[in-house]
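In: A structural model of the following input is requested.
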Amino acid sequence: MRSLLSDQRTPQHIDQSSMTLTDRERGRVRALTEELGRSSPDGRVDDPRWLALARLQSCRLPVRLLESLRNFRSEPGPDGTLLIGGLPVDPGALPDTPTVPDSVERAATGPAATAMLLGQQLGDVFAFRDEKHGALVHNVVPVRSLARSQSNGGSVDLELHNENAFHPHRPDVIGLLCLRSDHEGRAGTLFSSVRKARVLLDDADIAVLREPRFVTEAPPSFRTGDAAVTHAVLGGSPDDPDIRVDFHATGALDAEAAAALRRLGGALAEVASELVLRPGDMAFLDNRVVVHGRTEFTPRYDGRDRWLHRVYVHLDGRRGLSHRVGPGPVLA
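Out: Next comes the predicted model:
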């Protein structure tokens, strides 16, 4: 029997947030990235000195943009997403889209600096040592050898998942900045919030999903991964739970748990939305309450394929101290 929730039990959320920068605001962001380049001509986004300077510069972003980022950090809304449009990205001035596995952006290019400036206003941008060689800015691009894979290099339908659901210190927020769309403009980023899906589930299923009866394997992008440990799929507040699942990599330990997991997948699919990112769009997804995926598209491997920058954010940098590799923002 489906749960009947009273107004007292249902959390009140703000609407999904989005904003588009004005020409003046876009120019301000571009000026900050250029100033970063002049202040650190050999700057690399992974360099602690560049990071420290960029953290200060992020405080000078346009006020309206700062307000949107701060509001999202405090309350990500029922969809758990924030879309920023009109960021200074010029596809015509870009080099060819990378085509190799594990592609990253270590140079402080304009787009990479933009992604880092916005990410650092939400929290601490970090990386995993065993994913993309520990780089802070990832290139999400189609790779011919990975075309059929469930990975950021694939071009088939990517199943709904939390980013790095297997890891105890997975991101709180992921940021996706579009540099180029796919040729047909059809590659959609899918996202679905447990805040919407939970009301479609029975209390019995929710109870099962809150028990440690599931395991999640590391994704292909990790060179190594911790041994899978049992975990719950739903956690935190009973009225506003967090979610931890990868529908390609999460398995149930028994038939009852498997059935509850299937019904959760159906509920999330029912409330899912699709967003086709355009150059200059940056989507932030709250990885604690949102699962995401991608629709199928057809790459040409001609240097003009879809190209995103991806960053990971911890709202509290102390969370990952036990996994940190040295003094920098890289976790084992």
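In: From the contact counts, what lies against the helix or strand hosting Gly293?
Out: Taking DSSP states H and E as the definition, one finds Gly293 inside strand 290-294. Judged by 3 or more C-beta pairs under 8 Å, 6 or more residues apart in numbering; DSSP states H and E, strand 290-294 is in contact with strand 158-161, strand 189-193. Glycine gets a C-beta too; all of them are placed from N, C-alpha and C.
In: For Glu105, report the pLDDT, please.
Out: With respect to pLDDT, Glu105 scores 97.
In: Please apply the same query to Arg223.
Out: On the pLDDT scale, Arg223 gets 62.
In: Name the nearest residue to Trp50, ignoring sequence neighbours.
Out: Gly43 (4.3 Å; C-beta to C-beta, 6 or more residues apart in numbering).
In: just Leu331 next, same as before
Out: Per C-beta to C-beta, 6+ apart, closest to Leu331 is His323, 4.2 Å.
In: How about the contacts made by the one you found?
Out: Pro168, His169, Leu331, Ala332 (C-beta atoms under 8 Å, 6 or more residues apart in numbering).
In: And those, which of them are buried?
Out: Neighbour-count burial (16 or more other C-beta atoms under 10 Å) is assigned, among the contacts of His323, to His169, Leu331.
In: just the contacts of His323 now: which is nearest Glu274?
Out: His169 (29.1 Å; C-beta to C-beta).
In: any idea how far Glu25 is from the closest residue to that closest one other than its chain neighbours?
Out: Nearest non-adjacent residue to His169, counting by C-beta to C-beta, 6+ apart: Gly320, 4.2 Å away. Separation of Gly320 from Glu25 (C-beta to C-beta, to the nearest Å): 32 Å.
In: any chance you could map the strands in the stretch 1-150 of the chain?
Out: 17-20, 81-85, 124-128, 138-140 (DSSP state E, counting those that start in this stretch).
In: partners of the second one, with directions?
Out: Right, the one you point to is strand 81-85. strand 17-20 (parallel), strand 282-286 (antiparallel) (DSSP bridges).
In: where does the stretch 151-300 of the chain have low pLDDT?
Out: Applying pLDDT under 70 to the stretch 151-300 of the chain picks out residues 221, 223-227.
In: Ramachandran coordinates for the residue positioned nearest the centre of the chain?
Out: Centroid-nearest residue in the chain, with C-alpha atoms, centre = their mean: Ile174, separated by 2.5 Å. Main-chain dihedrals, Ile174, degrees, to the nearest 10: phi -120, psi 140.
In: Tell me the bridge partners for it.
Out: Leu285, Tyr312.
In: if we can go back for a sec, what's next to the strand holding Gly293, contact-wise?
Out: Under C-beta under 8 Å, 6+ apart, the answer for strand 290-294 is 76, 79-81, 157-163, 174, 187-194, 243, 245, 247, 268, 285.
In: mind running it again at 6 Å?
Out: Contacts to strand 290-294, defined as C-beta atoms under 6 Å, 6 or more residues apart in numbering, come from residues Gly80, Leu158, Glu159, Leu160, His161, Asn162, Thr189, Leu190, Phe191, Ser192, Ser193, Leu285.
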